[in-house]
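J.: Let's see this in three dimensions:
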Amino acid sequence: MGFDVAALRHAVARHGRVTRVVIAALRGSSPREVGTAMLVWEGGQTGTIGGGTLEHEAAQAALHVTGRRISKHALGPDLGQCCGGAVTLLSEVYDAAAVDALEGEVIARPVSGVGDMPLAVRRRLAQARVQGVAPAPQLVEGWMIEPVHHPQRDLWIWGAGHVGRALVDVLAPLPDLAITWVDTAPERFPAVVPERATVVPAAAPAELVRHAPLRAEHLIVTYSHVLDLELCHRLLDHGFGFAGLIGSKTKWARFRSRLIALGHDPQAIARIACPIGSPALGKHPQAIAIGVAADLLNPHRDARRKDQTA
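T.: Numbers count the residues shown, from 1 in each chain. As a prediction, the model looks like this:
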């Protein structure tokens, strides 16, 4: 995880003064890793540094921070948590001007006062520039270093019905997903859309397939079997990292036959997963979304899919 500047800018635009609380260092066991952050404002917050007493007290303290504050917490003796480690938190207040001042792909700043940048910090920044490898979030000689976070996975969700909405609600909080949400008209989408989802109304959604990155992942959950088939056809011509289609085994058997008739290779067609979700969880939209999310987050998903289609 890194410094999510986009999420911070969005929060500041909506709430004005926002305090970002990040785990700067830890020793022993901790609920979350270094670089994990939450945003706190009067009346609300987003993100989590692990929950429990640590987060509750940090969120309360964040409302009274001025500027920048470093604090250390022994999770067992001080907070009564079972992790047993010790956590160092950095709390920083941001307004629009402070967010605009954030520059570069690595955010480095002193945790208290102002001083010359230590040589160790300059070396890490130079390595990032020369090698193109972002440093891990870390506290170095009184300076906090964090790479700017960018989503690593492009996910296109086709359809804004019940299942599409459930998918976006479940998946949008995941910071590594950049969601493009497509349907046929603006009124198909809810009035409030999660900030990590980009809504794209299009009268002819299939025409947008050519704009998707070649390694993008796709979930097809539209209201129309005709549109579902067209999207599968276009994706097979275009290329994709993963494609999943909502439906039954009967629907998929018919789609396979039609896609073969359209000239697609059966092995290529087999890369499309149908049905999506976990049948054991049921057919409720949220249950489908939970099963899909678990599958997307499973690092062994591709290997399992090969075994199932072999």
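
J.: Relative to the whole chain's centre, how far out is stretch 128-141?
T.: Chain-centre distance of stretch 128-141: 21 Å, with CA atoms, centre = their mean, to the nearest Å.

J.: list the buried ones in it?
T.: Residues of stretch 128-141 classed as buried by neighbour count (16 or more other CB atoms under 10 Å): 128, 134-135, 137, 139-140. Yep, even glycine has a C-beta here, placed from its N, CA and C like the rest.

J.: Just the residues you listed: which are in strands?
T.: Counted as lying in strands by DSSP state E, out of the buried residues of stretch 128-141, are 139-140.

J.: my guess is Thr180 is in a strand, correct?
T.: Yes. Judged by DSSP: H, G, I helix; E, B strand; the rest coil, Thr180 forms part of a strand.

J.: So in terms of bridging, what pairs with it?
T.: For Thr180, the beta-bridge partners under DSSP bridges are Trp156, Thr198.

J.: burial count for it?
T.: Using other CB atoms under 10 Å, Thr180 is surrounded by 19 other residues.

J.: likewise Ser248?
T.: Ser248 - counted by other CB under 10 Å - has 10 other residues nearby.

J.: give the contact list for it.
T.: Ser248 makes contact with Pro275, according to CB atoms under 8 Å, 6 or more residues apart in numbering.

J.: what's the closest of the buried residues of stretch 128-141 to Ile272?
T.: Ile272 has its nearest neighbour among the buried residues of stretch 128-141 in Ala134, at 33.5 Å by CB to CB.

J.: so how far is Ile107 from the closest one?
T.: 11 Å (CB to CB, to the nearest Å).

J.: next one: Gly239
T.: Counting by CB to CB - Gly239 and Ile107 are separated by 35 Å.

J.: Kindly report the same for Ile145.
T.: Distance from Ile145 to Ile107, by CB to CB: 8 Å.

J.: do the same with Gly50
T.: From Gly50 to Ile107 the distance is 22 Å (CB to CB).

J.: where exactly do the strands run in the stretch 1-150 of the chain?
T.: According to DSSP state E, counting those that start in this stretch, the stretch 1-150 of the chain carries its strands in the segments 18-27, 37-41, 44-47, 68-74, 86-94, 106-110, 138-140, 143-147.
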